[in-house]
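Colleague: pasting a predicted model and its sequence here:
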There are 2 protein chains.
Amino acid sequence: MRTVDLIQRKRDGGELDAGEISHLVEGYTRGEIPDYQMSAFLMAVFFAGMTDREVSTMTDCMIRSGETVDLSGVKGIKVDKHSTGGVGDKTSMIVAPLAAAAGVVVPMMSGRALGHTGGTLDKLESIPGFRTDLTVEQATAQLHELGLVFIGQSERVAPADGKLYALRDVTATVESIALIASSIMSKKLAEGVDALVLDVKVGSGAFIKKQVDARRLAQMMVGIGRRVDKRVQALITDMNQPLGYAVGNALEVMEVSQTLMNQGPSDLTRLSLELTARMIFLAKLAPTLEDARHVAENKLVDGSGYRKFKQVIQAQGGNPKALDEFVLLPNATGMREITSPRAGYISAITAEDIGRASTLMGAGRNRKEDRIDPAVGVILEVKVGEKVDAGSVLCRLYYTNEEHVEEASELVEGAFRVSSQKAEDRELILEVVG
Amino acid sequence: MRTVDLIQRKRDGGELDAGEISHLVEGYTRGEIPDYQMSAFLMAVFFAGMTDREVSTMTDCMIRSGETVDLSGVKGIKVDKHSTGGVGDKTSMIVAPLAAAAGVVVPMMSGRALGHTGGTLDKLESIPGFRTDLTVEQATAQLHELGLVFIGQSERVAPADGKLYALRDVTATVESIALIASSIMSKKLAEGVDALVLDVKVGSGAFIKKQVDARRLAQMMVGIGRRVDKRVQALITDMNQPLGYAVGNALEVMEVSQTLMNQGPSDLTRLSLELTARMIFLAKLAPTLEDARHVAENKLVDGSGYRKFKQVIQAQGGNPKALDEFVLLPNATGMREITSPRAGYISAITAEDIGRASTLMGAGRNRKEDRIDPAVGVILEVKVGEKVDAGSVLCRLYYTNEEHVEEASELVEGAFRVSSQKAEDRELILEVVG
């Protein structure tokens, strides 16, 4: 089997069989296939796509490249939730405690901020003392006791995916639907869950810009799960404006606290409840989705989600009081208001620009090795559809260092569009797949 | 300028400017851009193509990566001829002497056999003593004296192309029209010619299988020449069956000798005369193409092309008597006849299979480092359209080693198609571009 022939077949639209996909993924992971052939193959996949069978095989090869987590010793149905990444997307910290409070076992494996999007691990670590680098034994014990643990992905899980992702990052092959699907699903299936709820973000603030691509990605991931008998559902949700009002690590933890006290933004609350309901339903803890929605809402209203989050913070070394007393969280030292140049209705808030501004001030990373500043970020004062006067505050920038504030302000100013007429309301949850 | 951004822009169908193309080609040649980024870029070019402006810039960058030959000291208009490669294509050895006999100055720079196609240098070197590794001084002196020299490409000419080609070869990116065009034209323009006649082969025995691709390649190459004020014309010619009857190095030299004595196959003679006429016309040695055709024919009929070839063989160290006494050429030790299983008309002779069979017996190379056997090859006894009886000889295989004869015979048997009805005649010269 010559690697160049496999690249050519994929390039010309052909399908590779399981042995051929294995040859590529395993050969690459072992260092036998050089980077330059793999990157040509990845670019061919970007253009020619992959069949569902190819994507499943690819996912399986990446899982087999490393260790898998065995959660069979933990009672209950294990359900995780994964978002493809957005701006102000802090749902994991709301959904996981709510679902756990309802009896779902939630091994929440999360990532870090990259580019203009945030990462749950970084957000959690803005809580003083919070640790995500638990051993498998510690994580399993906590899962057993509290039904929820927040952990980072071990490098020993799906190492082929890690190696491939690093190559995709420098060869402009990140945005392939097939490669995104196999990358996400290899990590999620390796962690031993029974079911999975996916939040596929689409819009200016997401990696996926078009709904048709989001749908294909969602269908592909649901299909990968189905072929290994895992229940997977995907919501396709709007990411044209940030989710909620807060963007930035500690700022988002504050909004999570408010939301778990049922005082959060309506869009964030609504999406979190729907994701929670899907997890409860897939965990078979409610006979119908409608029942699951009621359970989720109860866990919010009665404060049991909020209490669960505090228990988990305590268990993972953090100070749970930080949820009540925000002075215990890292706080910015400077603030700048951005005001509206005229009266009208907010017709757009480009999420990507808000995310970039936040990253510029230190809330995110442009490269993996960058350090983040947990205190900084942006708080929106308005959302799309709201009426503003000339001079009304649109948002506030929180910073600790003046260096990039000017540039960030310009980005943020450009992100808001004010129109004379009120635009039609946009759906937050666009589609359900699976 | 980040390389990954340039790859992404090309991937998404954008156009790169001159500085960006230079960044890529020069950065790669200097070893600053790694193979894995260049191969992803090349695959993106395979799918997204290049604009005419991009191809010209790419060509220019490759020329500037190495030395160029200065032929301004040699009087006369310098015209070269280049074929994209086929099976049995020995026209260079016929066209160059005929054109030189008519007064064209011909610095004939040629390549070597690779895959199922032959190379002029290998064919010439089957003439005992013939040397193609001349210095620039020797080549210029011979060009001055005889108006013709056969040389190989120096590695100092367009080294960027050499490095890129090696990468394309192992990443399934050889077959990109834009990359083929810039590769060919960078080498040809670096050798200091004033005009160029291109023979773009299309069909089963060529790299280009579809006429629409051949046309685009021809147009691109003519355009590259035009933008640097070089007169370039391209013929698009059929390569579904081998050209002439002989395939294999010494066997083809024999057919060249017969053709220069005006006793060669009609297809080979016709194409050679047309290519020669175009060279004469571009060299402004005839007022019209029709006149140029008469000149070419005269040089064939009066034997001056034949005498010119003998002079050049002598000058380059070879034994010119080999053209009259074929026993002086390397001769095969074994022969096998392939006969027709039934009566009918020959409707196809798949050139690629004939070329592969010849390569299998040792006439070509699968890898650059393979040694070739000058004596072996295939002689067709029939061409498409001819009538055969059951048991008629279709072709003869000439070999020196029995090892691959069985496999070669099977390939050759499968190459002939015999039908009960005579197929329509196929055009040899399909189009003229430029």
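Modeller: On my side now, so go ahead.
Colleague: which strands or helices does the helix or strand residue A:56 falls within pack on?
Modeller: Under the criterion DSSP states H and E, the helix or strand holding residue A:56 is helix A:52-64. Packing partners of helix A:52-64 (3 or more Cβ pairs under 8 Å, 6 or more residues apart in numbering or on different chains; DSSP states H and E): helix A:18-29, helix A:159-170, helix A:177-190, helix A:211-227. C-beta: built from backbone N, CA, C; applies to glycine.
Colleague: quick one, which of these gets closest to residue A:370.
Modeller: Ranking those by proximity to residue A:370 (Cβ to Cβ) places helix A:159-170 first, at 14.0 Å.
Colleague: for the closest one, packing partners?
Modeller: For helix A:159-170, the packing partners by 3+ Cβ pairs under 8 Å, 6+ apart are helix A:18-29, helix A:35-48, helix A:52-64, helix A:177-190, helix B:3-11, helix B:35-48.
Colleague: mind putting the ones you listed into JSON lines with mean pLDDT?
Modeller: Compiled in JSON lines, those are given as follows (pLDDT from 0 to 100):
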{"stretch": "helix A:18-29", "mean pLDDT": "96"}
{"stretch": "helix A:35-48", "mean pLDDT": "98"}
{"stretch": "helix A:52-64", "mean pLDDT": "96"}
{"stretch": "helix A:177-190", "mean pLDDT": "94"}
{"stretch": "helix B:3-11", "mean pLDDT": "96"}
{"stretch": "helix B:35-48", "mean pLDDT": "98"}
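Colleague: I'd like these laid out as TSV, including distance to residue B:338 and mean neighbour count.
Modeller: Shown next, in TSV, are those (distance: least, Cβ to Cβ, whole Å; neighbours: other Cβ atoms under 10 Å in any protein chain shown):
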stretch	distance to residue B:338	mean neighbour count
helix A:18-29	35	19
helix A:35-48	38	25
helix A:52-64	41	22
helix A:177-190	46	24
helix B:3-11	48	20
helix B:35-48	37	25
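Colleague: looking at the ones you listed, which is closest to residue A:87?
Modeller: Closest to residue A:87 of the helices and strands packed on helix A:159-170 is helix A:177-190 (Cβ to Cβ; 18.0 Å).
Colleague: which strands and helices sit next to the closest one?
Modeller: Packed next to helix A:177-190, using 3+ Cβ pairs under 8 Å, 6+ apart, are helix A:35-48, helix A:52-64, strand A:79-83, helix A:159-170, helix A:211-227.
Colleague: show me the contacts for the closest residue to residue A:286 other than its chain neighbours.
Modeller: Spatial nearest neighbour of residue A:286, excluding adjacent residues (Cβ to Cβ, 6 or more residues apart in numbering or on different chains): residue A:292 at 3.8 Å. By Cβ atoms under 8 Å, 6 or more residues apart in numbering or on different chains, the contact set of residue A:292 is A:277, A:278, A:280, A:281, A:285, A:286.
Colleague: circling back: mind checking how far the helix holding residue A:56 is from the chain centre?
Modeller: Computed by Cα atoms, centre = their mean, to the nearest Å, the chain-centroid distance of helix A:52-64 equals 22 Å.
Colleague: that one to helix A:3-11, inter-axis angle?
Modeller: 140 degrees (axes from the mean of the first three to the mean of the last three Cα atoms, to 10 degrees).
Colleague: in CSV, could you pull the C-alpha coordinates for helix A:52-64?
Modeller: Taking Å, rounded to 0.1, in the frame of the first residue of the first chain, the C-alpha atoms of helix A:52-64 are listed here in CSV:
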residue,chain,number,x,y,z
ASP,A,52,-19.8,8.4,6.9
ARG,A,53,-18.0,5.0,6.9
GLU,A,54,-14.6,6.7,6.5
VAL,A,55,-15.3,9.2,9.3
SER,A,56,-16.3,6.4,11.6
THR,A,57,-13.1,4.4,10.8
MET,A,58,-11.0,7.5,11.2
THR,A,59,-12.6,8.2,14.6
ASP,A,60,-12.0,4.6,15.7
CYS,A,61,-8.4,4.7,14.6
MET,A,62,-7.8,7.8,16.7
ILE,A,63,-9.5,6.3,19.7
ARG,A,64,-7.3,3.2,19.4
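Colleague: for the stretch 51-200 of chain A, which residues are neighbours of chain B?
Modeller: Taking Cβ under 8 Å from any Cβ of the partner chain, the part of the stretch 51-200 of chain A that reaches chain B is made up of A:167, A:169, A:170, A:171, A:172, A:173.
Colleague: looking at it, the last one is touching residue A:42, isn't it?
Modeller: Yes. With contact defined as Cβ atoms under 8 Å, residue A:173 and residue A:42 form a contacting pair (4.1 Å).
Colleague: between those two, what contacts are shared?
Modeller: Between them, residue A:173 and residue A:42 share these contacting residues under Cβ under 8 Å, 6+ apart: A:167, A:179, B:40.
Colleague: export the residues you listed as JSON lines, with columns for distance to residue B:415.
Modeller: Shown next, in JSON lines, are the shared contacts of residue A:173 and residue A:42 (distance: Cβ to Cβ, whole Å):
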{"residue": "A:167", "distance to residue B:415": "42"}
{"residue": "A:179", "distance to residue B:415": "41"}
{"residue": "B:40", "distance to residue B:415": "37"}
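Colleague: just the closest residue of the stretch 251-400 of chain A to chain B, please.
Modeller: residue A:366 (11.2 Å; Cβ to the nearest Cβ).
Colleague: what about that residue, how many neighbours?
Modeller: 13 (other Cβ atoms under 10 Å in any protein chain shown).
Colleague: and what of residue A:256?
Modeller: 27.
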